[in-house]
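Asks: any chance you could fold what I've pasted below:
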Amino acid sequence: VQLVESGGGLVQAGGSLGLSCATSGSIFSLNAMGWYRQAPGKQRELVAVMTNDGSTNYGDSVKGRFTISRDNAKNTAYLQMHSLRPEDTAVYYCNANAKTIDRAGIIFPITYWGQGTQVTVSS
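Replies: Next up is the predicted model:
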């Protein structure tokens, strides 16, 4: 299974940008998809996550500005970012929490990560 992000780039402060995360491969059972980000010298932090039932959780710094959505049929996640600030500059990673099954039929949790896409907000 691979997660492939797209849509990153350079935008001026106050602008908007959208990210997409497409999955390839077969996922046994997908529970949640989300976005994390990591700025230089900082720890990776939660941006937004959405579970299968539509419940969402946002990082405090993006509440009211970012919106996560999913297409469950396509196992795809989106992140709409508005009112971007220079402090939003980071590499954004797509994340999927799922379950997988091995050849013995054992089901266990697994987390998938994308390769990351750069978002740069200029002041």
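
Asks: close enough to count as contact, residue 13 and residue 120?
Replies: No. The criterion here is Cβ atoms under 8 Å, and residue 13 misses it with residue 120 at 10.7 Å. For the C-beta atoms, the positions are set from N, CA and C on the backbone; glycine is no exception.

Asks: let me see the backbone angles for the spatially closest residue to residue 123 that is not a sequence neighbour.
Replies: Of all residues not flanking residue 123 in the chain, residue 86 sits nearest, at 4.7 Å (Cβ to Cβ, 6 or more residues apart in numbering). Backbone torsions of residue 86, given as degrees, to the nearest 10, read phi -60, psi -30.

Asks: same deal with residue 87?
Replies: According to degrees, to the nearest 10, residue 87 has phi -70, psi 0.

Asks: name every strand pairing with the strand ranked longest in the chain and say which way it goes.
Replies: If you go by DSSP state E, the chain has its longest strand at strand 90-101. Within its sheet, strand 90-101 is paired with strand 29-38 (antiparallel), strand 107-113 (antiparallel), strand 117-122 (antiparallel), according to DSSP bridges.

Asks: so what touches the next helix or strand after the longest one?
Replies: Toward the C-terminal end, the helix or strand that comes next after strand 29-38 (DSSP states H and E) is strand 45-51. With Cβ atoms under 8 Å, 6 or more residues apart in numbering as the contact definition, strand 45-51 has outside contacts at 31-38, 56-59, 62, 66-70, 77, 79, 92, 95.
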